[in-house]
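1. Give me the fold of what follows.
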Amino acid sequence: MGKSWKQRDIVLMVIFAVVGGGVFYGWDLVTAPLFSSSVSPAVGAMANGIWWISGSLVAYVIRRPGAALITNFISSFFEFVFGSPYGAAAMISGLIQGAGAEAGFAVRGWRRYTLGSMLLSGAFGGVGNILQWLTQYQGYQYPLLTIIGYIVVTILSGMVLGGLLPKLIGDALRRTGVLRNFAIGRSDVSVQ
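-> Below is the predicted model of the structure:
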């Protein structure tokens, strides 16, 4: 499978990134109570995986190096434009979490797009989130058990919401036939 980007890959990436930005912004608003000072960060971490779903989904569909990182960053830009309460920090999140999600595909040389690859991408997106939480949001100041809880729950959230969910969405779209001109549409379903 060639690694060159086609115009249709770029168009799909941008469309999914804009939609992803809307999802991110909506998720910002819906989950705000989970990130209040009265709730443990480990509880709020359950929601984290959604913030790297667009990158993993686009990477799964077009199967190109850089797709998760670029898509997640563009999504976070639109999250910011739509009025994210996190302001420009949303774009920092998109870059860091997108880099994590991208690393999950890089580990397998951008060749395998199986459930395992998707779960790995989601987990690595969580690592990006954890690094940002520990530094930018002073997560290191919490008690050790809270930090451990945040790490474990974020990784699991990433695997489920940022890995498994985009795979299920991609597979559902594939079955409709709308993705037949993309790498996912030409792949052997038996290895999925």
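
2. quick one: the residue most central in space within the chain from Val153, how far?
-> With distances taken as C-alpha atoms, centre = their mean, Trp52 lies nearest the centre of the chain, 1.6 Å away. With distances taken as C-beta to C-beta, to the nearest Å, Trp52 is found 15 Å from Val153. Yep, even glycine has a C-beta here, placed from its N, CA and C like the rest.

3. now do Gln7
-> In terms of C-beta to C-beta, Gln7 sits 40 Å off from Val153.

4. that older thread, so who does the residue nearest to the centre of the chain touch?
-> 68, 72, 97-98, 100-101, 122, 125, 128-129, 158, 162 (C-beta atoms under 8 Å, 6 or more residues apart in numbering).

5. Go again with 7 Å.
-> When contacts are counted by C-beta atoms under 7 Å, 6 or more residues apart in numbering, Trp52 touches 72, 97-98, 101, 125, 158, 162.

6. With Ser84 instead?
-> Taking C-beta under 7 Å, 6+ apart as the test, what Ser84 contacts is 25, 28, 90.

7. Nearest spatial neighbour of it, chain-adjacent residues omitted?
-> Ala90 (4.4 Å; C-beta to C-beta, 6 or more residues apart in numbering).

8. Now do the helix or strand hosting that neighbour: distance to the chain's middle.
-> For Ala90, the element it lies in under DSSP states H and E is helix 89-106. Mean C-alpha position of helix 89-106 versus that of the full chain (C-alpha atoms, centre = their mean, to the nearest Å) differs by 7 Å.

9. For that helix, output the C-alpha coordinates as PDB.
-> Provided in PDB are the C-alpha atoms of helix 89-106 (Å, rounded to 0.1, in the frame of the first residue of the first chain):
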ATOM      1  CA  ALA A  89      -4.600  25.300  25.400                       C
ATOM      2  CA  ALA A  90      -7.000  23.100  23.400                       C
ATOM      3  CA  MET A  91      -4.500  23.300  20.500                       C
ATOM      4  CA  ILE A  92      -1.600  22.300  22.700                       C
ATOM      5  CA  SER A  93      -3.700  19.300  23.800                       C
ATOM      6  CA  GLY A  94      -4.500  18.400  20.200                       C
ATOM      7  CA  LEU A  95      -0.900  18.500  19.300                       C
ATOM      8  CA  ILE A  96       0.300  16.400  22.300                       C
ATOM      9  CA  GLN A  97      -2.500  13.900  22.300                       C
ATOM     10  CA  GLY A  98      -2.400  13.600  18.500                       C
ATOM     11  CA  ALA A  99       1.400  12.900  18.700                       C
ATOM     12  CA  GLY A 100       0.600  10.200  21.200                       C
ATOM     13  CA  ALA A 101      -2.100   8.600  19.000                       C
ATOM     14  CA  GLU A 102       0.300   8.800  16.000                       C
ATOM     15  CA  ALA A 103       3.000   7.000  18.100                       C
ATOM     16  CA  GLY A 104       0.600   4.100  18.500                       C
ATOM     17  CA  PHE A 105       0.500   3.600  14.700                       C
ATOM     18  CA  ALA A 106       4.300   4.400  14.300                       C
END
